[in-house]
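> Provided below are the primary sequence and the corresponding predicted coordinates.
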Amino acid sequence: MTDKSAAMVIGFIAAQVVCLGAALIVMWIL
């Protein structure tokens, strides 16, 4: 696996974590 594809996978996982965290925060606030 190249560095670019590894970075894409890491970025994708990070985006999923950020979206999940934002959803949990919104649910907690509401």
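Noted; the coordinates are in hand.

> Flag the shaky bits of this structure, pLDDT-wise.
1 (pLDDT under 70).

> Can you show me the strands along it?
Ranges of strands in the chain, per DSSP state E: none exist.

> burial measure for residue 14, as a count.
For residue 14, the number of neighbouring residues by other CB atoms under 10 Å comes to 10. To be clear about C-beta, it is placed using only N, CA and C from the backbone, and glycine gets the same treatment.

> what ranges do the helices span in the chain?
Secondary structure of the chain, counting by DSSP state H: helices at 3-29.

> From residue 21, how far off is residue 27?
Remark: distance between residue 27 and residue 21 (CB to CB, to the nearest Å) = 11 Å.

> next one: residue 28
10 Å.

> Which one of the two is surrounded by more residues?
Each of residue 28 and residue 21 has its neighbours counted (other CB under 10 Å); residue 21 has more, 10 against 7.
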